[in-house]
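Participant: here is my input; please provide its structure:
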Amino acid sequence: MRPLAATLALVLLAGPALASGFPVTIDSCGTPVTFERAPERAVSFDLNITETLVSLGVQKQMAGYAGISGWYRKTPDLEAALTGLPELSPKQPTLEVLLGAKTDFYVAGWNYGMRVGGDVTPETLAPFGAKAYAIRESCIHLGPRSDISIEDMYADTLAIGRAFGAGERAEALVAGFRARLAAITVRIARAPAAPKVFVYDSGEDSPFTAGRYAMPTALIAAAGGRNVMDDVASSRTKVNWEAVVQRDPDVIVIIDYDIPAADKIAFLQRQPALAGATAIRDGRFVVLPYAQATPGPQNVEAVEALARGFCPELFRRASRRQPSVMAAPAAAPSASSPRWCWCSLPRPPWRSASAPSRCRRRRSGGSPSTACFAACSRPTGTRGRRRSSGSCASRAFSSARWSGQRSPWSGRRCRPRPATRSPILICSASRPAPRSAPSSCFFTSAR
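Facilitator: This next block holds a predicted model:
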C-alpha cells in the first residue's frame, strides 16, 4: 500500500474528527492563534500542506485548496481524497478568492501562499473572521529561528490537528512517524562517514537549493548525511555553481516537480564545471518528489529514500539478516500462533518445487518471520528457471487469489485478483498480524 493510501486507511478507521476541547490556542511563528470552535471552511495551500490536512481526515471541514495544479500533479490517492473539494486557485490565491470561498482558516506559510507585505496575510484575513497558520519551516522569513528539524513537521501536524479538533488523531500520526523514523535510525547506525549532499531544485545560471533552514536539510541529517549548503543562513535560495564545485558533494538530491527529474540529472551531467564533482563522476543521485521534500506526512518516506541512496549496502545486508521489515512488530509468537505469509503467488508457495521445507519446519519458537522467506521462490519463465523474491524487504503489497479463506487480521477477507508475475512477499511473525498488513492479500499458514 502506498504511503498516502496507508494514511488514508488509518483515517477512515479513526472516524470523524472530534470537535471537543475548545477553545484551543496554537502557535503560528510566535503568534498565538485561538480557536473558539473547529474550522468549517478551511483552505490549504500547496501540495504538502494539503496532504497534511488529508492525513488528519478533515476534508469535511474544508472549503477547498489552492496552489497545486499550477505546479504539481496530484497522486490518484490524493485526487480521490479531495473528491468534491474545489481548487480555488492553481497558484497563489488572492484575498478576494479566499473571501469568496468564505474561508475561516487558511493553512499556508510564508512564501507558501503568504508573503510579507502581500495582500494575503494573517492581518488582512483577520478583519473577515478568518484565521491563519504558517508552517514552522517558513518562520525564517519573519526573523531568526533555530535550525530546521523534522520536529518542525511534527509540531505542524499537532498544531493543525488541535485547531481542527483532531488532536488525538494528530498525536497518533506523529507517534507513527516517530516509530518509523526510529527504525530507520537503527538501520543506519553502522553507516560510515556522513556523505556530503547537494540539493538541486532548479535553475541553470544559478542553482536553486536548500539552505540551513529548509526541510531537505533536516531530512538529509535524519538519513545520516550533511547538506553542503547548511552554512547558508536561508531557507530555499540561489547559490553559484562555484560554491557547489568547491564543496564537492558525494550525492546530489533532485527535487522532482516541474521539470522531469531525468532532465535535471542530464543537465547537471552536461555542466562542464561539475564534471569533476564526486556525485557526477559516480552518478549518485537521489530523487525526491516535491511532497516528500517539503514539510508534510511524506517526510519519513523521504528519509528512508535518502538513507537508501546514501548507504544502500546497509539496507541490502539488513534485508538478508531480517526478512521482515513491517512497520509495526507482530505479537510475540506462541506454540498456538500460526505463521502467515503474504505472497503474490497464484497458489500456496510450498506446492511449488522451489521451497516447501522451511514453512513446514518452522512450527514454533526460533525466528518465525523467516518461516515463509524461502516460500516465495518458484520456477518461472518458459524454461523453468528459478526466480527468487530475494527477501521480505519489498514495500510493494501484491494481491492474488485465495478463495474462501479468512485473513489473520480482524474483519478482512482476501480480495480475489489476478496474481502478478513477480513473487513479492511480506512476512509477519504471528497472529494477530501487524497493523500495517495489507487490506488485500494472498496469505497462508506456515504451520
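
Participant: from here on, contacts and neighbour counts on C-alpha atoms
Facilitator: Will do.

Participant: packing partners for the lengthiest helix in the chain?
Facilitator: Identified as the longest helix of the chain according to DSSP state H is helix 167-187. Using 3 or more C-alpha pairs under 8 Å, 6 or more residues apart in numbering; DSSP states H and E, the elements in contact with helix 167-187 are helix 150-163, helix 299-310, helix 312-321.

Participant: residues touching the nearest residue to Y154 once chain neighbours are set aside, list them.
Facilitator: Nearest residue to Y154 in three dimensions, chain neighbours excluded: V174, at 5.9 Å (C-alpha to C-alpha, 6 or more residues apart in numbering). Counting by C-alpha atoms under 8 Å, 6 or more residues apart in numbering, V174 makes contact with 154, 157-158.

Participant: then A243?
Facilitator: No contacts exist for A243 under C-alpha under 8 Å, 6+ apart.

Participant: where do the strands sit along the stretch 101-250 of the chain?
Facilitator: 105-110, 113-114, 131-134, 196-200, 208-210, 226-227, 236-238 (DSSP state E, counting those that start in this stretch).

Participant: can you show me the CA trace of the longest one as PDB?
Facilitator: So that's strand 105-110. Taking Å, rounded to 0.1, in the frame of the first residue of the first chain, the C-alpha atoms of strand 105-110 are listed here in PDB:
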ATOM      1  CA  PHE A 105      -9.000  29.100   8.400                       C
ATOM      2  CA  TYR A 106      -6.100  29.400   5.900                       C
ATOM      3  CA  VAL A 107      -3.300  26.900   6.400                       C
ATOM      4  CA  ALA A 108      -0.200  28.100   4.400                       C
ATOM      5  CA  GLY A 109       3.200  29.600   5.200                       C
ATOM      6  CA  TRP A 110       5.400  32.500   4.400                       C
END
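
Participant: what backbone torsions are found at the residue nearest to A307 when sequence neighbours are not counted?
Facilitator: Distances taken as C-alpha to C-alpha, 6+ apart place A223 nearest to A307, at 4.7 Å, with adjacent residues excluded. Dihedral pair for A223: phi -90, psi 0, per degrees, to the nearest 10.

Participant: with A63 instead?
Facilitator: Dihedral angles of A63 (phi, psi; degrees, to the nearest 10) stand at phi -90, psi -20.

Participant: quick one: residues contacting it.
Facilitator: Neighbours of A63 in contact, by C-alpha under 8 Å, 6+ apart: 40-43, 85-86, 101-103.

Participant: could you tell me the least trusted of the helices and strands packed on helix 167-187?
Facilitator: Lowest mean pLDDT of those: helix 312-321, a mean of 66.

Participant: run through the stretch 301-447 of the chain and note the low-pLDDT ranges.
Facilitator: Applying pLDDT under 70 to the stretch 301-447 of the chain flags residues 317-447.

Participant: run the last query once more with 80
Facilitator: In the predicted model of the stretch 301-447 of the chain, residues 316-447 satisfy pLDDT under 80.

Participant: test my guess that Y257 contacts G70.
Facilitator: No. Look at Y257 against G70 with C-alpha atoms under 8 Å: they stay out of range, at 10.9 Å.

Participant: about what we covered before: residues of the longest helix of the chain that come out buried?
Facilitator: Within helix 167-187, the residues scored as buried using 16 or more other C-alpha atoms under 10 Å are 167-171, 173-174, 177-178, 180-181, 184-185, 187.

Participant: just give me the closest of those residues to A262.
Facilitator: Distance to A262 across these (C-alpha to C-alpha) is lowest for I184, with 27.2 Å.

Participant: that closest one and E304 touch, don't they?
Facilitator: Yes. Using C-alpha under 8 Å, I184 is in contact with E304, at 6.6 Å.

Participant: what touches both of these two?
Facilitator: Common neighbours of I184 and E304 are listed as A223 (criterion: C-alpha under 8 Å, 6+ apart).
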